[in-house]
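> Okay, sequence plus prediction incoming.
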Amino acid sequence: MKHALHSVVFGLFLASTAALADDMPTIKLLMKDGRLYPETLEVPAHTRFRLAVKNEGPGAAEFESLELRKELVMAPGITRNLVFHPMKPGTYKFFDDFHPATGQGQIVAKE
């Protein structure tokens, strides 16, 4: 009986964790031909969010932000998610490390 109770509690924990992840705002970023679309991403300050990054190619792309300590390398045709912790209001730079001259962007966290 004790094992069954632990299974139920663990199941409820997983369900609540999934529900929290589903409530998280998702912001989309497209990387294509060494460019970022859009170049400026507006997000709510003090809110955890998911960034869905899609690389439409033709080559590899790398989302990188030194100040946010995030890095993600993707082959063409791949979409991946990054989860960001709540940010203070401000502007945070990111770039495509394979195309630094043309792949510059920023995340603006607003109140």
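The structure has been received and is ready for your questions.

> from here on, contacts and neighbour counts on C-alpha atoms
Fine.

> Quick check: next helix or strand after the lowest-mean-pLDDT helix or strand in the chain?
Taking mean pLDDT, DSSP states H and E as the measure, the chain has helix 2-23 as its least confident helix or strand, at a mean of 51. Using DSSP states H and E, the helix or strand that follows helix 2-23 in sequence is strand 26-32.

> Now that following strand - C-alpha only, CSV.
Only the C-alpha atoms of strand 26-32 are listed here, as CSV (Å, rounded to 0.1, in the frame of the first residue of the first chain):
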residue,chain,number,x,y,z
THR,A,26,6.8,30.5,-25.6
ILE,A,27,8.7,33.0,-27.8
LYS,A,28,9.8,32.0,-31.3
LEU,A,29,13.0,32.8,-33.0
LEU,A,30,13.9,31.8,-36.6
MET,A,31,17.5,31.5,-37.8
LYS,A,32,17.9,31.5,-41.6
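
> for the very next helix or strand once past that strand, packing partners?
Moving toward the C-terminus from strand 26-32, the next helix or strand (DSSP H and E) is strand 35-37. Packing contacts for strand 35-37, counted by 3 or more CA pairs under 8 Å, 6 or more residues apart in numbering; DSSP states H and E, involve strand 26-32, strand 104-110.
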